[in-house]
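Undergrad: just to be clear, the model below is a prediction. Sequence and coordinates:
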Amino acid sequence: MNNLEFAIKMELDGQKYYLEQANKNKSNWLNRVFLLLAEAEMEHASLLRKRLNDEDYTLSNTKISEIKSVFHGLKDYKASEIRETTQLDVYRLAVDIEEKSIKLYEDMLKEATNDNDKELFRFIIEEENQHLIMFDELVKMVNRPEEWVESAEFGLREDY
């Protein structure tokens with residue numbers, strides 16, 4: 001299996017994971033986030049498959065802005081509504097998945113010899129970075145109540 005085939009498999013595995021999480025979160029706002037991420041992973045797999053088969057492809061940003069818009073509505077939710085140990089584990093695993101994806105694409109970018117491949121890998125790295133930032137923010141958001149309650153009167157805390 002070459003790097004492109006491995007990357008396609010990794011994207012499809014990511015899509016499967018995000019669809020499973022969307023299914024588990026049907027009753028809350030995370031459902032839409034996970035569905036958008038699953039769609040992005042599917043689009044990445046499609047781009048990579050086209051590259052593997054030497055087919056033409058067009059790079060277009062996925063719906064990261066839609067994911068960001070979901071977070072603007074978070075003020076309507078209480079931390080207890082989204083704070084479950086299993087949810088935090090999901091977010092941390094997603095961070096790990098995205099970090100591994102970024103590392104793989106950075107390695108592939110270093111090995112790329114033509115400009116089209118370099119452009120494709122840079123594009124996917126940027127998209128995966130957006131996913132990583134989102135999950136990092138979710139981890140922070142879920143952990144913040146613990147930090148504040150633990151020692152609210154001591155030290156400075158950043159606003160949120």
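TA: Cool, got the structure.
Undergrad: for this structure, what spans make up the helices?
TA: 3-24, 30-52, 64-72, 79-82, 85-111, 115-151 (DSSP state H).
Undergrad: quick one: contacts of the first one?
TA: Right, helix 3-24. 1, 30-31, 34-35, 37-38, 41-42, 44-45, 48-49, 51-52, 90, 93-94, 97, 100-101, 104-105, 107-108, 111 (Cβ atoms under 8 Å, 6 or more residues apart in numbering). Where C-beta positions appear, they are placed from N, C-alpha and C, glycine not excepted.
Undergrad: gap between L109 and K118?
TA: Look at L109 and K118: by Cβ to Cβ, to the nearest Å, they are 6 Å apart.
Undergrad: in TSV: the helices of the chain, plus distance to T58 and mean pLDDT.
TA: Formatted as TSV, the entries for these read as follows, by distance: least, Cβ to Cβ, whole Å; pLDDT from 0 to 100:
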stretch	distance to T58	mean pLDDT
helix 3-24	17	91
helix 30-52	9	90
helix 64-72	17	53
helix 79-82	36	48
helix 85-111	18	86
helix 115-151	11	83
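Undergrad: quick one: contacts for L93?
TA: Residues counted as contacts of L93 (Cβ under 8 Å, 6+ apart) are Y17.
Undergrad: then F135?
TA: Shown here is F135, whose contacts under the criterion Cβ under 8 Å, 6+ apart are Y91, A94, V95, E98.
Undergrad: out of these, who's nearest R144?
TA: Within the contacts of F135, distances to R144 taken as Cβ to Cβ reach their minimum at Y91, with 13.1 Å.
Undergrad: cheers, nothing more for now.
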